[in-house]
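A.B. asks: coordinates for the following, if possible.
(chains A and B, ligands or ions: 3)
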Amino acid sequence: MKVAVIGGGVAGLSAAYFLAKSGVDVKVFEQKYLLYGASGRNSGGLTLQFNNEPLIRLAKRTLELYDSIQSEVGFNFLLRKDGYVKIASERDEAKLKEEVEFQRRNGVNVELVEPEFVRVLFPDINTSAFSVASYFADGGVVFPWPVVWGLAKGCRELGVEVYDYTPANVELKGNELIVKANGESYKVDYVINAAGAWSNEISKQVGVELGNKVYKEEICVTESLKPYVDPYVMDISTGVYFSQSMRGEIVGGILGSETTTLETKASLDFLTSYAKRITELVPKLRGMAILRQWAGLYDVGRNGMPVIGETKVKGFIQLNGFGRHGMSLALAAGEGVAELIMKGRSSIIEPFKP
Amino acid sequence: MVKIEHGRLQEHPIVDFKRGKEVTIYFNGQPIKAYEGETVAAALYAAGVRVFSRSFRWHRPRGFFCAIGKCSACMMEVDGIPNVRTCKVYVRDGMQVRTQSGLPDAEKDVFSIFDDVIDRVFPHGSHYSKFTTSKKARDFMVKRMRKFTGFGNPPRAVFQGKAEVEEIETDVLVVGGGPGGMSAAINAGKYGAKVLLVDENPFLGGQLIKQTHRFFGSAKERAGTRGIRIAGILEEELNNIENIEVRKETRVFGIYNGEAGAYQRLNDDEGKLLRIRAKKIVVATGAYERTLIFENNDLPGVYGAGGVQTLMNVYGIKPGNTGLIVGSGNVGLILTYQLMQAGVNVAAIVEAMPRIGGYFVHAAKVRRLGVPIYVRHTILKAIGRKSVEGAVIAKLDDRWQPIPGTEKEIKCDFICVAVGLSPTHELLYQAGCEMKFVPELGGIVPLRSKFNETSVKGLYVAGDVAGIEEATAAIMEGRIVGIHAAVTLGYGGEEAKKELEEAVREIEEFRSGPFGERIVNGLKKCTLESEVVS
Ligand SMILES: Cc1cc2nc3c(=O)[nH]c(=O)nc-3n(C[C@H](O)[C@H](O)[C@H](O)COP(=O)(O)OP(=O)(O)OC[C@H]3O[C@@H](n4cnc5c(N)ncnc54)[C@H](O)[C@@H]3O)c2cc1C
Ligand SMILES: Cc1cc2nc3c(=O)[nH]c(=O)nc-3n(C[C@H](O)[C@H](O)[C@H](O)COP(=O)(O)OP(=O)(O)OC[C@H]3O[C@@H](n4cnc5c(N)ncnc54)[C@H](O)[C@@H]3O)c2cc1C
Ligand code: FES
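C.D. replies: Ligands and ions are numbered 1, 2, ... in the order given. As a prediction, this is how the structure comes out:
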C-alpha cells in the first residue's frame, strides 16, 4: 500500500508516523520548510476545555499520545502540564460557566474559579481585569518545534520519506490518485490532505468542495525572562492569550480572524491591541521589549469542527480544519486516520467525517 | 597631553568633552560616580566594570560590546525593569542597576563552571534528546531545565512611563540621520515635500559623529573636513528648511504597508508610539560592524572599532591601556591614531592580507607613531578569564592557514576588530524587500532601481544600508532618493528633474575611479529594471 501525505505539519506527520508504524510505505510532501505552516507558528497551548464531546475525546487521546510518542521517538517536546486557564469578563461569565458544567459532565476535571485563585497561580495577574476563570490543571504548553522535529525524526527512522521544499499536487485519473511533486508522478492508494490553510486548494484538485474557512492569527514574544509564568492563560473575552516559553520569552497573541488572502504579514494594529490588553492583564509587562512578531494561518472546518475521513473520492482523505486547536487535537486525528486506512474504520474520528 | 580621571578623558586635542552634573548610580548595590548625559554602560565602564552579563547557556562573561543597542550584551535590570540595554539609557541620580544573569551577580557567577563542563555533558541540542524515554525522567528534566533558562529577572516594578500614540502623515519619512538620511531629507525638503526624519540617537550624524579625523574621499567641498564637522554642516542645512521635521531618540521598529511604527523617547518617564503614514519611505539605517571568528572572541574587551570610537570619542572614556587592532583598513588605521591621540597604547595592528588595506597617508602616520603592522598575520585567540589580558597572533601561509611555530603573544587589555561593516538591513527584510547577498557591497542588500527604489514601491535606500561605501557616496545617494521621492510626488518640476539627472551622473562619475570598481560590480548584481521618471 502506498500513501502520500500533503502537508508537513503536526497533522500530516502524525498520520505518517502511525501509518509507518504499521509498515505502510508513506511519503510526506511539504511545500516549504518543516514549521512553515501553523504547526511552526503557534503558541502550543494544550487543553481539554472544549464544548463538545468528540473534541474532548480527541484532545484526551492527543495528550496521552504526547507522552508515548516522546518516549518512542526519544525526543523531548518540552511539554509542561502547569495548567490551562481561561479567564472571562463579566459579559462572558454565563458562557464560561455553561462550558465548565458541560466539560465536567464529560469527565474533564475543570474548575470554575475566582480571579484570586488565578493570582495564586500567577501573582502578577491583575485580578480586576477579569471576573471569573476556568482552570484545567492537566493542561499546559508544548514547544511546537520539537513536536514537528520529533515526529519527522520518528517518521524518517521508520523509513518515511519526508520531502521539504516540495510542493505537491493531486490528480484524479479515472479512479487513480496521482501525486505530482519533484517533477515526478507517484501513483498512490491514498492521499491524505493535511495541507492546513491550503487544504481547500488541494481538495479542489480532485473535485471535492471542502469549504474550510481560513484564519490568520498574530503572535509575538518579549525578551527572555527567568521563567515565572507557569500556566497558559486565555482571555476568552478579548481573545488575548499568553504563556512563557522554555526560553523565557512571554509568548502571546490574539485569537485569529477570517482572511481571504494566504499571506502571513505581521501588523502594527496587532501589536498595539495586544500591548494594550496584555498590560491591563499583567501591568508589570509594561516596560518589556517585544523581540519578534509573526503571523500564522490555520483552517477551520464546518461548524468549527475539524474535517477527518475519506471523501466521496475513494482514497482521498481529509485531515484538516483543526482551527485554533491543532496542537491539542491532531495527534489523535492522525492516529485515527491511520486506523481508518488499516482497518477500514476508526470510531474516534467518525464524528468528523467529511 | 591627555588627562584621565576615573577612566574618563579630561582633555583631548580635538574633542571637548562637556560633562553634565555629577550623579550617583548604584550597581548591584554599590555607589558609582557618573555624569548626566552618560549612558549607564559608559559610566559602568569608566568605573572599571567589565562583566555586564553572562551568556544564556554557558554563562560566559559578556561585556560592553557594540555601544549602540544592537548586541544585547549590556542588558541589565534598571529600577526594577528587566532587560534594559544599558548602552541606550542615560544615568539618573539614584538609579538602581543590577546584573541579571549569574549567581550572586554576573561578575562572580558561580555557574560560570558550566562553561567548562556543559558542552561535554549537554552538547548543543541535547535538551531534546537526553532523558526522553521515561516520562518521569523527562518531566523532571523539563522542570530542572526551566530553572536555568531565561535571561532577565521577572519585572519587579511597574514601568511608570506614560505611553501615548501619535498618528502622523507625511510625504517622506527618512529613517536614519546619518549623512545618507540627512541628505535625503534635505533634497526632498528643499523642493517642498513634507519630510519627517527620525534617528534613534539623541544626535544626528550617524557614524560621522565618531570621526574626529579629516575626511578622505573625493567630495569636492568636504574632503579634508573632519567627519564631525560634516555632520554639523548637514544638520544646519536641514534645520534651515521649514518643512522638514526632525525627531531624535526615535527608533523605527517596523514598516507595515506604507505605515511605519516608531518609538519616540521624550524623557526618562515618557515615550510614545508613532504611527507614521508616509507616501515615501527612505531607509538610511547605515551599517554595523562585522566580527571575526577566533577563540574567545566573545570575551569582554573584544570590540568592534565603532564601539571603541563611541566610548572614546562620544563619551570620552578610555577603552583600556593597550589595544591590539585587527584589520588595517582605513578604519583600523584611523582608530589607531585616534587611540594614540587619547593617550592609549596600541601594541600592534594585524592584517591577514599581504599588504595594508587603508590609504598610504594613514599607514605612514601610524608607522611614524611606532605601531608595528603585521601583514599576513591573524589573531588566533584572546587570552583572559573575565576580560582580555592578551592575544595570540600568528603568521598565515598562502592558503590562509596559520603557520605552526609562528605564534606570538601580545600583551593588551582590549582587542579591536576592524574588519568591515555589514548593512543594517532588518527593516528592509521586514518590509518585504527583495534582498540579495552581494559581497562587493558588504553583505545582504536590497535590489534597487537606479534611483535606489527597492522592490517595495515607494521604499528607498541610501547610504551604507544600500551597500558599504563611504560618507560621500551616502550623501550622493541621499540626494538622488530625496529628489526622486519629491519629483514622483509632484514637487519640484523641471528643475528637480534636471537636478536628478545630474545627481545620477555625478555618482556614476564618482564611482568610475579605481576605488569605485568594486561597488560598480556589486551594483550590477542587484539592480532592478531601471525606471524612467515621467
Ligand atoms: C498564532 C497561532 C497560535 C496558535 N495557538 C495554538 C494553541 O495554543 N494550541 C493549539 O492547539 N493550536 C494552536 N494553533 C493552531 C495550530 O497551530 C494548528 O491547528 C495546527 O498547527 C494545524 O496543523 P496542520 O498540520 O493541520 O497544519 P499546518 O501546520 O499549517 O501544516 C500544513 C502544511 O501543509 C503545507 N502545504 C500546503 N500546501 C501544500 C502543497 N501543495 N504541497 C506540500 N505541502 C503543502 C504547508 O506548507 C504547511 O506546512 C495556533 C495557530 C496559530 C497560527
Ligand atoms: C572609523 C570610520 C572611519 C570612516 N572614515 C570615513 C572617511 O574618512 N570618509 C568617508 O567618506 N567615510 C568614512 N567612513 C564611512 C562613513 O562614516 C559611512 O559610510 C557613513 O556614515 C554612512 O552613512 P549612512 O547615512 O549610510 O549611515 P550612518 O552614518 O551609519 O547612519 C545611520 C543612522 O541611522 C540610525 N538608525 C539606524 N537604525 C535606525 C532605526 N531603526 N530607527 C531610527 N534610526 C536608525 C542610526 O542611529 C544612525 O544614526 C568611516 C567610517 C568609520 C566607521
Ligand atoms: S546592546 Fe548595549 S553594548 Fe550592545
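A.B. asks: what sits against residue B:473?
C.D. replies: Taking C-beta atoms under 8 Å, 6 or more residues apart in numbering or on different chains, we find residue B:473 in contact with B:463, B:507, B:510, B:511, B:519. Bear in mind the C-beta positions are built from the backbone N, C-alpha and C, glycine included.
A.B. asks: let's see it at 7 Å
C.D. replies: Contacts of residue B:473 were listed using C-beta atoms under 7 Å, 6 or more residues apart in numbering or on different chains, and they are B:507, B:510.
A.B. asks: tell me, how many residues neighbour the residue nearest to residue A:205 when sequence neighbours are not counted?
C.D. replies: The spatially closest residue to residue A:205, leaving aside those adjacent along the chain, is residue A:170, at 4.7 Å (C-beta to C-beta, 6 or more residues apart in numbering or on different chains). Residues near residue A:170, counting by other C-beta atoms under 10 Å in any protein chain shown, number 22.
A.B. asks: who does whichever helix or strand residue A:170 is part of touch, helix- and strand-wise?
C.D. replies: Using DSSP states H and E, residue A:170 sits within strand A:169-173. Contacts defined by 3 or more C-beta pairs under 7 Å, 6 or more residues apart in numbering or on different chains; DSSP states H and E place strand A:169-173 against strand A:176-181.
A.B. asks: export the strand it packs on to CSV, keeping only CA atoms.
C.D. replies: The C-alpha trace of strand A:176-181 is given here as CSV (Å, rounded to 0.1, in the frame of the first residue of the first chain):
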residue,chain,number,x,y,z
GLU,A,176,-6.4,6.6,-9.9
LEU,A,177,-4.9,9.1,-7.5
ILE,A,178,-1.6,10.6,-8.8
VAL,A,179,0.5,12.9,-6.7
LYS,A,180,2.8,15.2,-8.7
ALA,A,181,5.9,16.6,-6.9
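A.B. asks: contacts for that strand?
C.D. replies: A:4, A:29, A:163, A:166-171, A:185-188, A:191, A:315-316.
A.B. asks: check which element follows it along the chain.
C.D. replies: Next element after strand A:176-181 (DSSP H and E): strand A:184-188.
A.B. asks: and the residue of the stretch 51-200 of chain A nearest ligand 1?
C.D. replies: residue A:196 (2.6 Å; C-beta to the nearest ligand atom).
A.B. asks: about what we covered before: please verify my assumption that the residue nearest to residue A:205 contacts residue A:203.
C.D. replies: No - the pair residue A:170 and residue A:203 does not pass the contact test of C-beta atoms under 7 Å, sitting 8.8 Å apart.
A.B. asks: flag every buried residue along the strand holding residue A:170.
C.D. replies: A:170, A:172 (16 or more other C-beta atoms under 10 Å in any protein chain shown).
A.B. asks: how far off centre is it?
C.D. replies: 27 Å (C-alpha atoms, centre = their mean, to the nearest Å).
A.B. asks: partner strands of that strand, with direction?
C.D. replies: Paired with strand A:169-173 in the same sheet, following DSSP bridges, are strand A:176-181 (antiparallel).
A.B. asks: can the partner strand be said to contact ligand 1?
C.D. replies: No - judged by C-beta under 6 Å from any ligand atom, strand A:176-181 and ligand 1 are separated, with a smallest distance of 7.1 Å.
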